[in-house]
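[1] got a predicted structure plus its sequence, pasted below:
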Amino acid sequence: MNYKANQIIQLVLKFGLPLLSVLFIWYKINTSAAGFDQVFLTLNKYDVRLVFCFVIINLILSSFNWLLDSLKWKLVLKPKINISFKIALFQNLKSHSLAIFTPNRLGDYIAKALFYDSFQRQYVAISNGVSQFSQLLSTIVFGGFGLVYFINFTFKEFQNFQFLVIGLVVILVVFAFIQYHPKLRKKLILLKPYLSKFPKQIGLSLLKHLVFSHQLVLILWAFGIKLSYLDTLMAVNVMYILSSVIPSFFVVDVAIKSSLGLLIFGYLNQTPSLILTGFSLMWLFNFALPAMIGSLLQGLYRTKLKANVIT
C-alpha cells in the first residue's frame with residue numbers, strides 16, 4: 001500500500017503539478033483581459049519587424065535574468081555541494097514552476113530541498129535563504145533610493161540633511177533590534193557559517209535587480225510612457241519594494257504588481273492602460289514563460305539531476 005501511495009505521489013509531482021501550473025498560467029492570461037488585450041492591441045499598431053525585435057530583446061533580458069539566478073544558486077551551494085550550471089538552471093526553473101502554488105515562493109525552498117538527500121536539506125534550505133535574503137536586500141537598497149527620491153519629489157521642503165538624519169535613525173533602530181532581541185540574535189548566530197556566501201550573492205542580486213528593473217523600464221517606454229529615465233526607474237524600484245512586503249501567490253503576482261504600478265504611476269499622471277500593458281508583459285516574460293518551461297522539465301527524473309551532484 002505504501003509503495004502504491006509513493007507511486008501515486010510521484011506521478012502527481014511528475015505530471016499533475018506541471019499540468020496544473022500550465023492551466024493556472026493559461027487561466028491567468030485569459031482572465032486578465034484588461035492587461036493582455038491591451039498588449040495585443042498595442043502591438044498591432046507597430047511594424048512586425050519592430051515587434052519581433054522587441055520580443056527578442058525581452059527574451060534575451062529574461063534569459064539573462066534567469067541565468068544570473070542560476071549562477072547564484074550554483075555558487076550559494078558551494079563548497080559542500082557542487083553542481084553544474086546546467087543542473088542549477090534546471091533546478092531553478094523546476095522549483096519556480098512548483099512554487100507558483102505557495103505564498104511568497106515558499107514552495108521554492110521545499111522543491112529545491114527535495115532535489116537532495118535528507119542529510120543535505122538543512123544546508124540547502126539555509127543556503128537558499130541566504131540567496132533569497134540577498135535578493136531582498138538588493139530590493140531594499142534600490143527601493144530605498146526610490147522612496148527617498150519620491151518623498152523628496154513630493155515634499156520639496158525637506159532637505160538632504162533631514163533625509164540623512166532619518167536614514168541614520170532607521171539604521172540605529174534596526175541595529176538595536178538585532179543587538180537586543182534574543183531570538184533574532186540566536187538565528188543570526190546560526191547563519192554565521194554562511195556569512196562568507198553573502199558578498200557574491202549580494203553582488204549578483206544587485207546585478208539581477210538592475211537587469212529586470214531596466215527591462216520593465218524598456219517595456220514601459222516602448223508602450224509610450226511619458227516619464228524621464230530616472231522617474232521611471234525610481235517608480236519601478238518603489239513598486240518592487242512595496243510588492244516584496246505583500247504576501248502573494250505567483251498566480252496573483254501580476255495583479256498585485258499591476259495595482260501598485262497603477263497607484264505609483266497614476267500619481268505621476270500616466271495612462272492606466274500603458275501601465276497594465278507593461279506589467280502584463282513583464283509577468284509573461286519573467287514569470288509565466290519560465291514557469292511553463294519548468295513544468296516541461298518536470299519530466300526529467302530527480303536521479304538524472306543528482307548524477308551531476310558532487311558532495
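    Received it, and whenever you're ready, just let me know what you need.
[2] so residue 224: helix, strand or coil?
    Three-state call for residue 224 (DSSP: H, G, I helix; E, B strand; the rest coil): coil.
[3] tell me who's in contact with it.
    271, 274 (CB atoms under 8 Å, 6 or more residues apart in numbering). In this view, the C-beta of every residue, glycine as well, is placed from N, C-alpha and C.
[4] just checking, residue 211 is part of a helix?
    Yes: assessed by three-state DSSP, residue 211 belongs to a helix.
[5] how near is it to residue 205?
    Here residue 211 is placed at a distance of 11 Å from residue 205 (CB to CB, to the nearest Å).
[6] those two: which has the busier surroundings?
    residue 205 (24 against 18; other CB atoms under 10 Å).
[7] now do the buried residues in the helix or strand that one falls within.
    Per DSSP states H and E, residue 205 falls inside helix 198-222. Across helix 198-222, burial judged by 16 or more other CB atoms under 10 Å covers 198, 200-202, 204-206, 208-209, 211-213, 215-220, 222.
[8] stretch 122-136 too?
    123, 124, 126, 127, 128, 130, 131, 132, 133, 134, 135.
[9] need these in JSON lines with secondary structure and distance to residue 75, can you?
    As requested, the buried residues of stretch 122-136 are exported to JSON lines (DSSP: H, G, I helix; E, B strand; the rest coil; distance: CB to CB, whole Å):
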{"residue": "123", "secondary structure": "helix", "distance to residue 75": "14"}
{"residue": "124", "secondary structure": "helix", "distance to residue 75": "14"}
{"residue": "126", "secondary structure": "helix", "distance to residue 75": "15"}
{"residue": "127", "secondary structure": "helix", "distance to residue 75": "10"}
{"residue": "128", "secondary structure": "helix", "distance to residue 75": "12"}
{"residue": "130", "secondary structure": "helix", "distance to residue 75": "10"}
{"residue": "131", "secondary structure": "helix", "distance to residue 75": "9"}
{"residue": "132", "secondary structure": "helix", "distance to residue 75": "14"}
{"residue": "133", "secondary structure": "helix", "distance to residue 75": "15"}
{"residue": "134", "secondary structure": "helix", "distance to residue 75": "11"}
{"residue": "135", "secondary structure": "helix", "distance to residue 75": "13"}
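[10] quick one, phi/psi of residue 82?
    The phi/psi pair for residue 82 (degrees, to the nearest 10) reads phi -110, psi 120.
[11] so for stretch 231-244, mean pLDDT?
    Summarised as a single mean, pLDDT over stretch 231-244 is 85.
[12] please apply the same query to stretch 90-100.
    84.
[13] in that stretch, what's buried?
    Quick answer for stretch 90-100 (16+ other CB under 10 Å): 90, 91, 92, 93, 94, 95, 96, 97, 98, 99, 100.
[14] tell me the contacts of the second one?
    Residue 91 sits next to 73, 83, 112, 115, 305 when contact means CB under 8 Å, 6+ apart.
[15] tell me which element it is part of?
    Using DSSP H and E, residue 91 falls in helix 85-99.
[16] mind saving the C-alpha coords of the helix or strand following that helix as PDB?
    Downstream of helix 85-99, the first helix or strand assigned by DSSP H and E is helix 106-113. Only the C-alpha atoms of helix 106-113 are listed here, as PDB (Å, rounded to 0.1, in the frame of the first residue of the first chain):
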ATOM      1  CA  LEU A 106       7.700  29.200  -0.100                       C
ATOM      2  CA  GLY A 107       7.500  26.200  -2.400                       C
ATOM      3  CA  ASP A 108      10.800  27.200  -3.900                       C
ATOM      4  CA  TYR A 109      12.500  26.200  -0.600                       C
ATOM      5  CA  ILE A 110      10.700  22.800  -0.500                       C
ATOM      6  CA  ALA A 111      11.200  22.000  -4.200                       C
ATOM      7  CA  LYS A 112      14.900  22.700  -4.100                       C
ATOM      8  CA  ALA A 113      15.400  20.800  -0.900                       C
END
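[17] now do stretch 120-134, average pLDDT.
    For stretch 120-134, the per-residue pLDDT averages 90.
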